[in-house]
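Trainee: no sequence on this one, just coordinates:
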């Protein structure tokens with residue numbers, strides 16, 4: 001009985017700590033908040049070739065804070081990252097870290113520069129998956145992208 005109570009209390013403390021952290025960090029800050037995030041991200045991109053430096057280090061511009069998202073019953077810390085403040089339309093990454101920091105996934109989205117304003121970025125985008133996401137994770141990352149009012 002004492003073990004169950006201790007476990008329940010510990011779970012409550014961990015959940016509360018995570019909830020308190022939800023939305024407090026941006027994608028370009030997450031690797032500096034905990035070494036586990038850096039290790040997990042490095043594992044996710046291991047073996048990937050020709051990744052831009054801003055993707056490798058999650059060092060681009062983060063327009064929004066990360067948020068908690070549930071996918072297939074598991075919680076993830078998810079957020080967008082852009083190559084730079086003025087280049088989010090053409091080069092962006094949506095990144096997701098599992099709550100336990102064991103898994104990380106990313107969707108790198110690149111749209112050709114010079115695309116006329118009347119052309120939909122979704123029709124001309126190239127998507128690159130990082131961390132071997134399953135179909136559910138891919139759908140969740142794409143849904144995060146669709147939340148951007150400038151993505152049509």
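Mentor: Okay, I see it. Just so it is clear, the structure is predicted and the values come from calculations on it, not from any experiment. Numbers count the residues shown, from 1 in each chain.
Trainee: separation between the residue nearest to the spatial centre of the chain and residue 114?
Mentor: The centroid of the chain falls nearest to residue 95 when counting by C-alpha atoms, centre = their mean (1.5 Å). Distance of residue 95 to residue 114, given as C-beta to C-beta, to the nearest Å: 26 Å. C-beta coordinates here come from the backbone N, C-alpha and C atoms, glycine included.
Trainee: follow-up on the earlier one: separation between the residue nearest to the centre of the chain and residue 64?
Mentor: Using C-beta to C-beta, residue 95 is found at 12 Å from residue 64.
Trainee: which residues does residue 109 contact?
Mentor: Each residue near residue 109 by C-beta atoms under 8 Å, 6 or more residues apart in numbering is listed here: 91-94, 125-128, 145.
Trainee: Give me the subset of these that lies in strands.
Mentor: 91-94, 126-128 (DSSP state E).
Trainee: buried stuff in stretch 117-132?
Mentor: By neighbour count with 16 or more other C-beta atoms under 10 Å, stretch 117-132 contains the buried residues 121, 125, 130-131.
Trainee: Make TSV out of those residues and add pLDDT, distance to residue 106 and secondary structure.
Mentor: Shown next, in TSV, are the buried residues of stretch 117-132 (pLDDT from 0 to 100; distance: C-beta to C-beta, whole Å; DSSP: H, G, I helix; E, B strand; the rest coil):
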residue	pLDDT	distance to residue 106	secondary structure
121	73	18	helix
125	88	15	coil
130	98	4	strand
131	98	6	coil
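Trainee: now, among those residues, which is nearest to residue 37?
Mentor: residue 131 (12.8 Å; C-beta to C-beta).
Trainee: Please look at that closest one and residue 102 and confirm they touch.
Mentor: No. When contacts are counted by C-beta atoms under 8 Å, residue 131 is not listed as touching residue 102 (11.2 Å).
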